[in-house]
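Novice: what shape does this take:
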Amino acid sequence: MIHQPHFMPWVHYIARMAIADVVVFLDDVPFRKYYFHNRTYFQRSDGSLLQITLPVEAGNSRIKLATTRIASSRHKDKILETTRHFYRKAPYFSSIWNDFKDGICNDQNELCAYNVNLLKMIASTAGIRKQNIFFSSEFTKTSNASERINEICKELQLNSVLCGWGGSKAVHDLEFLKNNDVRLVSLPNKLKSPPRSVAHELFFNPEEIHKTIEFTRKQYLELLN
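Specialist: Coordinates of the predicted model:
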């Protein structure tokens with residue numbers, strides 16, 4: 001899996017992490033405003049969604065994720081309190097709250113490193129095996145999306161890459177990657193609304209995470225065959 005590190009993402013993001021042999025986080029791409037780099041959604045009891053945003057310091061439009069900084073540690077505390085308010089009555093709250101609190105309040109202030117630490121906590125809390133994690137900046141300096149994927153795959157000896165749900169393929173030169181024996185595999189985007197954070201599954205029904213992992217594994221294997 002090669003992916004941008006998202007902030008408390010939806011369950012299918014965690015499922016892709018779980019089935020991947022290697023996870024490479026794109027730390028050398030530009031930070032995107034109004035996107036999942038620092039945004040997620042909590043689901044209310046009536047099914048509606050509340051947008052949760054982790055504020056970052058102001059910077060130019062091309063600042064990289066690796067150097068994007070969280071505006072203040074007090075915003076972590078605010079998100080922690082919002083999480084507690086939303087999920088304190090959930091059936092698994094008491095069993096995972098301390099781990100979740102440590103993840104939200106982790107001491108990283110660069111957004112990329114913070115999100116990766118949070119993702120590691122989520123995976124561990126969900127009982128997912130430890131991941132082989134790398135960062136794109138370890139392998140390449142190019143800003144071209146397809147060349148970046150190719151160079152990462154060559155360095156790590158990968159020949160297939162799990163992409164996100166949606167338009168991930170649209171930004172890549174598929175012919176170029178095919179000629180370099182790299183295959184992108186993605187599922188169609190069927191979302192009709194913003195996805196809720198995996199926090200919902202963690203607090204209410206962790207088993208749903210594992211069901212989603214197996215569903216995702218089956219779909220990707222079918223596409224690979």
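
Novice: any idea of the mean pLDDT in the biggest helix by length in the chain?
Specialist: Using DSSP state H to define each element, the chain has its longest helix at helix 206-224. Confidence over helix 206-224, taken as the mean pLDDT, stands at 89.

Novice: the strands in the protein, which residues?
Specialist: Under the criterion DSSP state E, strands of the chain are mapped to 2-3, 23-25, 39-43, 49-53, 133-135, 160-162, 183-185.

Novice: wait, residue 131 touches residue 17, no?
Specialist: Yes: the pair formed by residue 131 and residue 17 meets the contact definition of CB atoms under 8 Å, at 6.1 Å. Backbone N, C-alpha and C define where each C-beta goes, glycine included.

Novice: list the contacts of the spatially closest residue to residue 126 that is not a sequence neighbour.
Specialist: Leaving aside its sequence neighbours, residue 126 sits nearest to residue 209 (CB to CB, 6 or more residues apart in numbering; 4.8 Å). Residues in contact with residue 209 (CB atoms under 8 Å, 6 or more residues apart in numbering) are 11, 14-15, 126, 128, 198, 201-202.

Novice: just residue 122 next, same as before
Specialist: 8, 14, 103, 198, 202.

Novice: one step back: residue 131 and residue 17: who's more crowded?
Specialist: Taking other CB atoms under 10 Å, residue 131 and residue 17 do not tie; residue 17 has more neighbours (23 against 18).

Novice: and the more buried one, how far from residue 33?
Specialist: 25 Å (CB to CB, to the nearest Å).

Novice: and residue 152, by the same measure?
Specialist: Using CB to CB, residue 152 is found at 25 Å from residue 33.

Novice: ok, the two, which is more surrounded?
Specialist: When residue 152 and residue 33 are compared on other CB under 10 Å, the one with more neighbours turns out to be residue 152, at 22 against 10.

Novice: could you find the closest non-adjacent residue to that one?
Specialist: For residue 152, the spatially nearest residue (CB to CB, 6+ apart) is residue 139, at 5.0 Å.

Novice: could you check how far that neighbour is from residue 100?
Specialist: The span separating residue 139 from residue 100 equals 32 Å under the rule CB to CB.

Novice: so these two - more neighbours on which side?
Specialist: A count of neighbours by other CB under 10 Å puts residue 100 above the other of residue 139 and residue 100, at 23 against 17.

Novice: who touches the more buried one in this structure?
Specialist: For residue 100, the set of contacting residues under the criterion of CB under 8 Å, 6+ apart consists of 83, 121, 125, 199, 202.

Novice: for the fourth one, give me the pLDDT.
Specialist: Each residue has a pLDDT score; the one for residue 199 is 95.

Novice: count of neighbours near the closest residue to residue 171 other than its chain neighbours?
Specialist: Across the structure, with CB to CB, 6+ apart as the measure, the residue nearest residue 171 apart from its sequence neighbours is residue 145 (5.1 Å). Residue 145 is flanked by 14 other residues according to other CB under 10 Å.

Novice: ok, residue 177 next?
Specialist: By other CB under 10 Å, neighbour count at residue 177 equals 19.
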